[in-house]
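S.K.: here is the input, now give the coordinates:
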Amino acid sequence: MGSAVSAASHAMAPQRPSVTRLRLTCLYGGVFMVAGTALLAVVHLLAVQAVSRGNDPVLELRSESAIVLAPVGCPEPPDSGPAPCPAPSRQQPQDSLVASTALVLAALVPLSAAAGYVTAGYALSPLRRIAHSARRASRPSP
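M.R.: Predicted structure coming up:
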């Protein structure tokens, strides 16, 4: 009689959330967050490099024998020294780039958590099917 009561109360008890799914969600969400952060860092560094260099050419030929590394608008150096060319101010685009990167990073947190939750569900679905089949097989036939 005691086992029938416990089985009936177990069948009527509300299902609690799976601790395993929560743990897998944290694990997969962390993996997605690290991968997304690494990708965002690479894109940010490439964008900062592109903004700081601008459209300036890397190499410029000024005479037949000399290769000078200088922007196009700089005057020719007097005695083959460095070109006296002031660097243009590019601080404002870099500030907006940092703000955009921070915004994307903030959006990456819930997106990676959601992707981790979905991935954990896919990982646990075969176990759910096996448990459901085992429960169905263990029920007494009417």
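S.K.: the helices in the chain, which residues?
M.R.: Under the criterion DSSP state H, the chain carries helices at the ranges 2-12, 19-53, 91-138.
S.K.: adding mean neighbour count and mean pLDDT, write those helices out as CSV.
M.R.: For the C-beta atoms, the positions are set from N, CA and C on the backbone; glycine is no exception. CSV is the format used below for the helices of the chain (neighbours: other CB atoms under 10 Å; pLDDT from 0 to 100):
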stretch, mean neighbour count, mean pLDDT
helix 2-12, 8, 52
helix 19-53, 14, 89
helix 91-138, 13, 88
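S.K.: and Leu105, what does it touch?
M.R.: Contact analysis of Leu105 by CB atoms under 8 Å, 6 or more residues apart in numbering lists Thr37, Leu40.
S.K.: any idea how far it is from Val31?
M.R.: For Leu105, the distance to Val31 (CB to CB, to the nearest Å) stands at 16 Å.
S.K.: what does Leu97 give?
M.R.: Where Val31 is concerned, Leu97 sits at a distance of 26 Å (CB to CB).
S.K.: cool, and Ala106?
M.R.: Taking CB to CB, one finds Ala106 at 19 Å from Val31.
S.K.: go on, Val51?
M.R.: From Val51 to Val31 the distance is 30 Å (CB to CB).
S.K.: same check, this time on Pro126
M.R.: Taken as CB to CB, the span from Pro126 to Val31 is 20 Å.
S.K.: cool, and Ser112?
M.R.: Applying CB to CB to Ser112 and Val31 gives a distance of 8 Å.
S.K.: for Ala47, same thing?
M.R.: The value you get for Ala47 to Val31, if CB to CB is used, is 25 Å.
S.K.: what does Pro110 give?
M.R.: Using CB to CB, Pro110 is found at 15 Å from Val31.
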